[in-house]
Structures are given as structure tokens and as C-alpha cells.
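Undergrad: Provided below are the primary sequence and the corresponding predicted coordinates.
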Amino acid sequence: MEKEINIKFEIIANKNQLGEIDKKLYEAAFEARQKAYAEYSGFWVGCALLLENGEIVTGNNQENAAYPSGLCAERTTIFWASANFPNVKIKKLFVVGAPKNAVESTPIPPCGACRQSILEYETKQKEGIEIYFASLNGEIYKTKSIRDLLPFSFDSSFL
Ligand code: THU
């Protein structure tokens with residue numbers, strides 16, 4: 001027997017179509033990207049989260065001369081959010097990534113390890129986290145839940 005899994009995502013053609021809060025989050029991710037520490041790859045990534053209490057938390061990728069010791073923007077940001085606001089739900093996550101001096105890019109989705117980390121908090125809070133991955137040009141892909149980016153996900157329900 002063969003089965004199929006369908007995922008849904010939305011394409012937002014231009015950031016100007018975003019509502020006020022979402023535009024603010026896009027700009028926050030963009031600004032965070034400009035503060036990335038990514039000297040080794042030259043690939044700069046920024047992330048912004050919206051928490052249920054209205055707080056916006058930002059972060060970026062942090063690299064290291066011992067390459068695997070670095071961390072992606074999404075995990076830097078979501079770990080900080082959980083460390084400082086442990087019981088506040090995360091509503092949205094915006095991420096934008098591109099080579100340092102790029103002026104154009106396509107939407108960059110979170111890497112596999114970041115998807116797994118985001119899933120942990122989505123499972124914990126029992127509510128979806130909207131994921132927006134944005135390009136420098138303003139085109140944005142959106143999913144309603146990290147599960148759309150991680151079919152066959154492994155979470156605490158198996159333990
Ligand atoms: N990176 C992120 O920050 N997020 C992702 O989802 C993909 C990759 C970072 C890790 C590394 O610092 C650089 O981009 C190149 O892989």
C-alpha cells in the first residue's frame with residue numbers, strides 16, 4: 001500500500017501584503033540578520049519570534065572556528081525565548097537568510113535540526129507555531145505549523 005502526505009504552505013508574494021505585526025517581525029528578522037556572527041560561512045541568518053505576551057525575540061546565527069560549535073539563528077532565538085519566557089507560548093517565527101552581501105534571495109526554510117527544536121516547543125505548548133521564511137526580496141513562504149515542514153516527526157509522545 002502506498003500513502004501520500006500533503007503539506008500546505010502559503011506564498012506571500014510581497015512583504016507589503018503582511019499585516020502590521022507581521023511586517024514588524026519581518027523587519028526584526030532582517031535587522032537581526034545584520035548582526036549575525038557568520039564569518040566562516042558568510043551566510044547570514046536572522047530570526048524573530050512573536051510571543052503570546054506580545055514580546056518580540058530576535059537572534060541570528062553564531063559561528064565558531066570549531067565549526068560544529070556554532071548555532072543556527074532559529075535555535076539561538078528559540079532557546080533564548082524559552083530560557084527567558086519559559087511558559088509563554090510562541091505564536092510565530094520569521095527567518096531570513098542569505099549570503100552576507102546578497103541583495104536578492106529566495107526564501108530559506110529552517111534546517112532539519114532547527115525544525116526538530118521548533119517542534120519541541122510546539123509540542124510543549126500544544127499549539128502551532130506559524131513559520132514564515134522570507135527572502136531579501138520580500139517574498140515569503142508560510143506554514144501554520146512546523147509539522148508541515150517535518151512530516152513523520154519524532155516527539156515526546158513516542159517516549
Ligand atoms: N543557518 C541558520 O542559521 N539557519 C538555518 O536554518 C540554516 C543554516 C546558518 C548555519 C550557519 O551559520 C550558516 O547558516 C551556513 O549554514
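TA: Everything's here; your move. Residues are numbered from 1 along each chain as shown.
Undergrad: if I look at residue 104, how far off is residue 98?
TA: The gap separating residue 104 from residue 98 is 8 Å, by C-beta to C-beta, to the nearest Å. Yep, even glycine has a C-beta here, placed from its N, CA and C like the rest.
Undergrad: Can you pick out the residue with more neighbours from the two?
TA: The neighbour comparison of residue 104 against residue 98 (other C-beta atoms under 10 Å) goes to residue 98, with 21 against 9.
Undergrad: How about the more buried one: what's its closest non-neighbour residue?
TA: residue 105 (3.6 Å; C-beta to C-beta, 6 or more residues apart in numbering).
Undergrad: residue contacts, the one you found?
TA: By C-beta atoms under 8 Å, 6 or more residues apart in numbering, the contact set of residue 105 is 96-99, 135-137.
Undergrad: Go back to those residues and keep what's next to the ligand.
TA: For the ligand, the contacts drawn from the contacts of residue 105 by C-beta under 6 Å from any ligand atom are residue 97.
Undergrad: Farthest-apart pair in the contacts of residue 105, please.
TA: Distance extremes for the contacts of residue 105: the farthest pair is 99 and 137 at 13.9 Å, using C-beta to C-beta.
Undergrad: These two: which is more packed in?
TA: residue 137 (16 against 12).
Undergrad: mind checking the SS state of the more buried one?
TA: coil (DSSP: H, G, I helix; E, B strand; the rest coil).
Undergrad: Dump the contacts of residue 105 into JSON lines; add pLDDT as well.
TA: Output for those, formatted as JSON lines (pLDDT from 0 to 100):
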{"residue": "96", "pLDDT": "98"}
{"residue": "97", "pLDDT": "98"}
{"residue": "98", "pLDDT": "98"}
{"residue": "99", "pLDDT": "98"}
{"residue": "135", "pLDDT": "96"}
{"residue": "136", "pLDDT": "95"}
{"residue": "137", "pLDDT": "93"}
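Undergrad: Among the contacts of residue 105, find me the one that's closest to the ligand.
TA: Among the contacts of residue 105, residue 97 lies closest to the ligand (C-beta to the nearest ligand atom), at 5.7 Å.
Undergrad: Run through the bridge partners of that closest one.
TA: Assessed by DSSP bridges, residue 97 has beta-bridge partners residue 45.
Undergrad: Thank you kindly, that will do.
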